[in-house]
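Chemist: only the shape, not the letters, is given here:
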Ligand SMILES: N[C@H](CCC[C@H](N)C(=O)O)C(=O)O
């Protein structure tokens, strides 16, 4: 099997193109290939497939074998892959995902290689039961969740995949390993959840660290950055456009007031190609 190792701000993926549909063993393959000691090593396994609604279809398996509805860093990698490998000659394409439907994507290219990618991530889903959470409210803002006797307050946002955004004093120093897994699997979240820990530094900049559903601590999370911006607007912390600073780097996120759609702009990189 041919693959390309790619990443968006260090959130890394094994990208496979050429299948006509998701292989039946994609989940088991993701677990085996994403293993950082016995496999290639990655946060996820990404398939580029045909679509009858868009130029391409993206499906993504987390490293634990679960399929995610959407992935911001991966969709930028897919856009870069199809442009750099000549599968399209257009700088404006569409990519379909399970969680957000047909997504317009704009590529900024230089010397035939895509450098930065701007993605229409669609409209956030804010109704608690649709994120999903077990809370019947719309939106779910500053809601309590307690794990091991410690209460956190979260805002729930779906970008096609579920997120809980929690504001803390020092996101960069937060103990993700201690609290992330417990929150990810809390009974309040029927399909588990991605957990973002955020520190607002200004109305235009937020530090964020993430414990991802099905992947654990990653260096960046595109949908998580979108959820953090939406949550920060809902909580009155930031303007509708802000830089979300992750361990792996910065993403520019905008929640357009007129359309209600969220736009994410950031880099994508290819590291090597291989055969396994
Ligand atoms: N672990 C996530 C999928 C990957 C999302 C993240 N890597 C991104 O860039 O959006 C989930 O199960 O919803």
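Modeler: All right, it came through fine. Keep in mind it's a predicted model, so treat the numbers as computed, not measured.
Chemist: need the three-state assignment for residue 182.
Modeler: Using DSSP: H, G, I helix; E, B strand; the rest coil as the criterion, the local structure at residue 182 reads helix.
Chemist: what number of residues lie near the nearest residue to it once chain neighbours are set aside?
Modeler: Once flanking residues are discounted, residue 182 sits nearest to residue 147: 4.1 Å by CB to CB, 6 or more residues apart in numbering. (Glycine included, C-beta is placed from N, CA and C.) Neighbour count of residue 147, defined by other CB atoms under 10 Å: 14.
Chemist: again, but for the one 5 residues further on
Modeler: Using other CB under 10 Å, residue 152 is surrounded by 19 other residues.
Chemist: that one pairs with what?
Modeler: residue 145 (DSSP bridges).
Chemist: who's in contact with it?
Modeler: The contact partners of residue 152, by CB atoms under 8 Å, 6 or more residues apart in numbering, come to 144, 145, 146, 166, 179, 183.
Chemist: check which helix or strand the nearest residue to the last one once chain neighbours are set aside maps to.
Modeler: Nearest in space to residue 183, with sequence neighbours left out and distances taken as CB to CB, 6+ apart, is residue 195 at 4.6 Å. Under the criterion DSSP states H and E, the helix or strand holding residue 195 is strand 194-202.
Chemist: hang on, the earlier thing: how about the contacts made by the residue nearest to residue 182?
Modeler: If you count contacts by CB under 8 Å, 6+ apart, then residue 147 has 179, 182, 183, 186 around it.
Chemist: any of those buried? List them.
Modeler: Listed as buried from the contacts of residue 147 are 179, 182, 183, 186; burial here means 16 or more other CB atoms under 10 Å.
Chemist: pretty sure the last one is touching residue 145, no?
Modeler: The reference is to residue 186. Yes: with contact defined as CB atoms under 8 Å, residue 186 reaches residue 145; the gap is 5.8 Å.
Chemist: re earlier: what's the closest of the contacts of residue 152 to residue 133?
Modeler: residue 145 (9.1 Å; CB to CB).
Chemist: how near is the residue nearest to residue 250 when sequence neighbours are not counted to residue 265?
Modeler: Once flanking residues are discounted, residue 250 sits nearest to residue 243: 5.1 Å by CB to CB, 6+ apart. To residue 265, residue 243 is 10 Å away according to CB to CB, to the nearest Å.
Chemist: what residues are shared contacts of these two?
Modeler: Shared contacts of residue 243 and residue 265 (CB under 8 Å, 6+ apart): 251, 252, 253.
Chemist: what's the nearest residue to the last one once chain neighbours are set aside in contact with, if anything?
Modeler: Ranked by CB to CB, 6+ apart and with sequence neighbours excluded, the top spatial neighbour of residue 253 is residue 229, at 4.0 Å. The contact partners of residue 229, by CB under 8 Å, 6+ apart, come to 206, 238, 240, 241, 242, 244, 253, 254, 255, 262.
Chemist: contact partners for the third one?
Modeler: For residue 240, the contacting residues are 229, 233, 254, 255, 256, 257, by CB under 8 Å, 6+ apart.
Chemist: what about the helix or strand hosting the second one and the ligand, any contact?
Modeler: Secondary-structure assignment from DSSP H and E places residue 233 in helix 222-234. Yes: for helix 222-234 and the ligand, the contact criterion (CB under 6 Å from any ligand atom) is met by 222, 223, 224.
Chemist: quick check: residues of the chain near the ligand?
Modeler: 11, 62, 68, 71-73, 161, 194, 212-215, 218, 221-224.
Chemist: selecting buried members of these in PyMOL, what would you type?
Modeler: To isolate the buried ones among those in PyMOL, judged by 16+ other CB under 10 Å, type:
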select buried, resi 11+62+68+71+72+73+161+194+212+213+214+215+218+221+222+223+224
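Chemist: so which of the residues of the chain next to the ligand sit within strands?
Modeler: 11, 62, 68, 194, 212, 218 (DSSP state E).
Chemist: residue 118 reaches residue 265, doesn't it?
Modeler: Yes: here residue 118 reaches residue 265: they are 4.4 Å apart, a contact under CB under 8 Å.
Chemist: any low-confidence regions in the stretch 151-276 of the chain?
Modeler: The model of the stretch 151-276 of the chain has no residue with pLDDT under 70.
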